[in-house]
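Chemist: Sequence first, then the predicted structure:
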Amino acid sequence: MSRHIYRCPMRWSDMDAFGHVNNVVFLRYLEEARIDFMFRLAPGDGSPSFQGGSVVARHEIDYKRPLVHRHEPVTIESWVTKIGAASLTIAYEIKDPEEGGQVYVTASTVVVPFDLAAGRPRRITAEEKAFLKGYLDDGASAGGASEGASSVDGASTGGQERAAA
């Protein structure tokens, strides 16, 4: 499977009174990575995919260890664990950039494509599904909020592995 890699700069204001990154700030980090990931398909290629809007239906986050401010960015790895007819689940790790780096947070987000003009959820298009399948987890990941079998429309991916791009 491929993972989307986003290097997220840290801001001094991200810290709270306890001297570490505040728990709410981690959700902002996830948002930055998710937007960067989802809009990779759209504007530059002239594709209308994911431009119509999306809403977050659910967040799940596990805080593994405190993160303190530093000058180098943290790495956020994102991948897809489930593709349904009208929703997808994105998993994340916020960690140090080096291979085998310290993991600070594991998380997942359920995203629902949304038709802003109609004011209602919409189905995932064939183009979007093809893009997302390139990041679909093979079900062999270990631990945290991203645990569980991956699927497309409820069907197991059958353990097929994709090489990272």
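Modeler: The structure has been received and is ready for your questions.

Chemist: Within the sheet, what are the partner strands of whichever strand or helix holds Arg58, with directions?
Modeler: Assigned by DSSP states H and E, Arg58 belongs to strand 54-63. Partner strands and pairing direction for strand 54-63 (DSSP bridges) are strand 103-115 (antiparallel).

Chemist: Tell me which residues of the strand it pairs with come out buried.
Modeler: Within strand 103-115, the residues that qualify as buried by neighbour count (16 or more other CB atoms under 10 Å) are 103-114. Just so you know, the C-beta spots here come from the backbone N, C-alpha and C atoms, and that holds for glycine as well.

Chemist: farthest pair in those residues?
Modeler: Val103 and Phe114 (30.9 Å; CB to CB).

Chemist: what angle separates the top helix by length along the chain from strand 54-63?
Modeler: Ordering each helix of the chain by length in residues (DSSP state H) puts helix 23-38 first. Orientation check (axes from the mean of the first three to the mean of the last three CA atoms, to 10 degrees): helix 23-38 against strand 54-63 gives 130 degrees.

Chemist: Now do helix 23-38: distance to the chain's middle.
Modeler: Distance, stretch centre to chain centre, for helix 23-38: 8 Å (CA atoms, centre = their mean, to the nearest Å).

Chemist: What is it packed up against?
Modeler: Helix 23-38 is packed against strand 4-8, strand 54-63, strand 74-83, strand 88-95, strand 103-115, with contacts defined by 3 or more CB pairs under 8 Å, 6 or more residues apart in numbering; DSSP states H and E.

Chemist: hmm, who's touching that helix?
Modeler: 4, 6, 8, 14, 50, 54, 59, 61, 63, 74, 76, 78, 90, 92, 94, 104-105, 107, 109, 111, 135 (CB atoms under 8 Å, 6 or more residues apart in numbering).

Chemist: Now the buried members of the residues you listed.
Modeler: Counted by 16+ other CB under 10 Å, these give 4, 6, 8, 14, 50, 54, 61, 74, 76, 78, 90, 92, 94, 104-105, 107, 109, 111, 135 as buried.

Chemist: got the buried residues for stretch 3-20?
Modeler: So for stretch 3-20, counting by 16+ other CB under 10 Å, buried means 3-4, 6, 8, 10, 14-15, 20.

Chemist: Stretch 64-77 now?
Modeler: So, applying 16+ other CB under 10 Å, buried residues of stretch 64-77: 67, 74-77.
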